[in-house]
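Undergrad: Please find the sequence and the predicted model below.
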Amino acid sequence: MSKSNRAHFGTKLGVILASAGSAVGLGNIWRFPYETGNHGGAAFILTYLGCVLILGAPIMIAEFLIGRRSRANTARAYQNLAPGTQWKWVGRMGVLTGFLILGYYSVVAGWTLEYTTQSVTNSFAGQDAEGFIALFGNFVANPWRPVLWMAVFMLATHFIVVRGVERGIEKASKVMMPMLFILLLILVACAVSLPNAGKGMEFLLKPDFSKVDGSVLLGAMGQAFFSLSVGMGCLCTYASYFKPDTNLGRTAFSVAVIDTMVAILAGFIIFPAAFSVGIQPDMGPSLLFITLPNVFQQAFGGLPWLAVLLSVMFYILLALAALTSTISLHEVVTAYLHEEFSMSRRKAAWLVTGGCTFLGVFCSLSLGVGKEYTLFGMTLFDLFDFVTAKIMLPLGGFFISLFAGWYLDKRVLWEEITNRGTLKVQLYRLIVFILKFIAPIGIAFIFINELGLI
Ligand code: TRP
């Protein structure tokens, strides 16, 4: 495709919202709370914030500049900027990572649809914490329902991706993001006023640094990459649709702030509520789905219609937030197939949809009928999550920072970050320093530390 034909995002706000739409999703509202719960609370959150600041945000800038400079899908981007080198493998690994993430992410996205319909039919009414645990357990163990919802979700993603960048992705993000934010604020207010919510607040706010070990560091780093959509060329692909006057640094900063706020708000809903009704914080992937229905039931027990209304709205918005993320993952792989193998966008999109649905079936079944089959002690679902979030994304981030910090000409960095000198970027030197030294050394340290070599 010739450069001038490539699609663009329409407006500046559209750029931020689409990138934030990619970043904000199940990673913030589903994954962040359960990782926080698994890793002991406040100390994990602080470690996570550190990772966002010194790894995630700078590498996001690197992805942006690689994408906008090359104006190509993520694999081609490296070939454009580093012709004849092996850097293209960073892009290719990113495409594979995106494919694998979509494979299990769509399963959880499907759960949000089930919970939407359960809310509509008011089947949560009168349940207690035990009831919600059983409800979730029965649902994921069912061989059909979660698989069907996953497929529905993949199809929805498919059709938006086929409609193209501006009409589909940008429009969708513009309305949903602000609505989701407001609803989260309402739910925080409800959750913190539940009886015994204080213990949950303590869990979130009182760090116990003796708990920070290799697995906390790795978990926090993985969560930072996952939540910001960084490390596999997702934002690199989006940046290839940015305009020349998009301020890359500011966009990255805005996305990181929005993304982090949503995650923290989710934490302030889940933990006060979980402690209030006696749900263990380390329940793992089921945490959101067994805790949240309690908030609606407990806080609005006297006003059942309000409980139904708010929970329907919440699950719809959660599904939509997941959708703007699955779109971005799908787009990476679709753009790659479309541009590299000169197949039509439609055909490329069908291949991705088919392949991910196939993976999704196995990931979904691995939580129910296939529970016995584990690899390294993990179900297929957990294995996909572990390998992508905790290994492939940080590894991608490692190479992206090396590429931007060491391989690319300093002039390219300067031109892209300052828009050819038209912007004053105060932190310019710091950003370059982080990309050169802090990010690669930090990631390497966390990997080596987790392997127990230090
Ligand atoms: N960041 C999204 C979330 O938090 C998920 C996601 C979308 C993602 N694109 C990605 C994760 C690229 C890693 C890489 O839900």
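TA: Everything's here; your move.

Undergrad: Next, count neighbours for the nearest residue to Phe209 once chain neighbours are set aside.
TA: In this structure, Phe209 finds its nearest non-sequential neighbour in Ala43, 5.3 Å apart by CB to CB, 6 or more residues apart in numbering. To be clear about C-beta, it is placed using only N, CA and C from the backbone, and glycine gets the same treatment. If you count neighbours by other CB atoms under 10 Å, Ala43 ends up with 20.

Undergrad: if I pick Ala43, what's in contact with it?
TA: Going by CB atoms under 8 Å, 6 or more residues apart in numbering, Ala43 touches Pro207, Asp208, Phe209, Lys211, Val212, Val216.

Undergrad: Check the gap between the residue with the largest distance to the centre of the chain and the ligand for me.
TA: Distance from the centre of the chain peaks at Gly302, with 35.3 Å (CA atoms, centre = their mean). Gly302 sits 34 Å away from the ligand, going by CB to the nearest ligand atom, to the nearest Å.

Undergrad: who wins for neighbours among the contacts of Ala43?
TA: Within those, Val216 tops the neighbour count with 21 neighbours, counted by other CB under 10 Å.

Undergrad: check whether the host helix or strand of it contacts the ligand.
TA: Taking DSSP states H and E as the definition, Val216 sits inside helix 214-228. Yes: contact between helix 214-228 and the ligand, assessed by CB under 6 Å from any ligand atom, occurs at Phe226, Ser227.

Undergrad: So what's the gap between that helix and the chain middle?
TA: Helix 214-228 sits 12 Å away from the centroid of its parent chain (CA atoms, centre = their mean, to the nearest Å).

Undergrad: Repeat that for stretch 331-338.
TA: Chain-centre distance of stretch 331-338: 18 Å, with CA atoms, centre = their mean.

Undergrad: when you give positions from now on, start the count at 691
TA: Okay, residue one is now 691; in that scheme the one you just asked about reads as stretch 1021-1028.

Undergrad: is the ligand contacted by it?
TA: No: using CB under 6 Å from any ligand atom, stretch 1021-1028 never reaches the ligand; the gap is at least 7.5 Å.

Undergrad: Contacts for that stretch next, please.
TA: 763-766, 784-785, 788-789, 792, 851, 855, 859, 922-924, 927-928, 1033-1035, 1038-1039, 1041-1042.

Undergrad: mind running it again at 7 Å?
TA: 763-765, 784-785, 788-789, 851, 923-924, 927, 1033, 1035, 1038-1039, 1041-1042 (CB atoms under 7 Å, 6 or more residues apart in numbering).

Undergrad: list the buried ones in stretch 1087-1106?
TA: For stretch 1087-1106, a neighbour-count test (16 or more other CB atoms under 10 Å) marks 1087-1095, 1098, 1103-1104, 1106 as buried.

Undergrad: Adding distance to Val952, pLDDT and secondary structure, write those out as JSON lines.
TA: Below are the buried residues of stretch 1087-1106 laid out as JSON lines (distance: CB to CB, whole Å; pLDDT from 0 to 100; DSSP: H, G, I helix; E, B strand; the rest coil):
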{"residue": "Gly1087", "distance to Val952": "21", "pLDDT": "98", "secondary structure": "helix"}
{"residue": "Phe1088", "distance to Val952": "26", "pLDDT": "98", "secondary structure": "helix"}
{"residue": "Phe1089", "distance to Val952": "28", "pLDDT": "98", "secondary structure": "helix"}
{"residue": "Ile1090", "distance to Val952": "24", "pLDDT": "98", "secondary structure": "helix"}
{"residue": "Ser1091", "distance to Val952": "25", "pLDDT": "98", "secondary structure": "helix"}
{"residue": "Leu1092", "distance to Val952": "30", "pLDDT": "98", "secondary structure": "helix"}
{"residue": "Phe1093", "distance to Val952": "29", "pLDDT": "98", "secondary structure": "helix"}
{"residue": "Ala1094", "distance to Val952": "27", "pLDDT": "97", "secondary structure": "helix"}
{"residue": "Gly1095", "distance to Val952": "29", "pLDDT": "97", "secondary structure": "helix"}
{"residue": "Leu1098", "distance to Val952": "32", "pLDDT": "97", "secondary structure": "coil"}
{"residue": "Leu1103", "distance to Val952": "30", "pLDDT": "96", "secondary structure": "helix"}
{"residue": "Trp1104", "distance to Val952": "32", "pLDDT": "97", "secondary structure": "helix"}
{"residue": "Glu1106", "distance to Val952": "27", "pLDDT": "96", "secondary structure": "helix"}
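
Undergrad: need the residues you listed in TSV with distance to Asn828, can you?
TA: Formatted as TSV, the buried residues of stretch 1087-1106 follow (distance: CB to CB, whole Å):
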residue	distance to Asn828
Gly1087	38
Phe1088	41
Phe1089	43
Ile1090	42
Ser1091	45
Leu1092	47
Phe1093	47
Ala1094	48
Gly1095	50
Leu1098	52
Leu1103	53
Trp1104	57
Glu1106	51
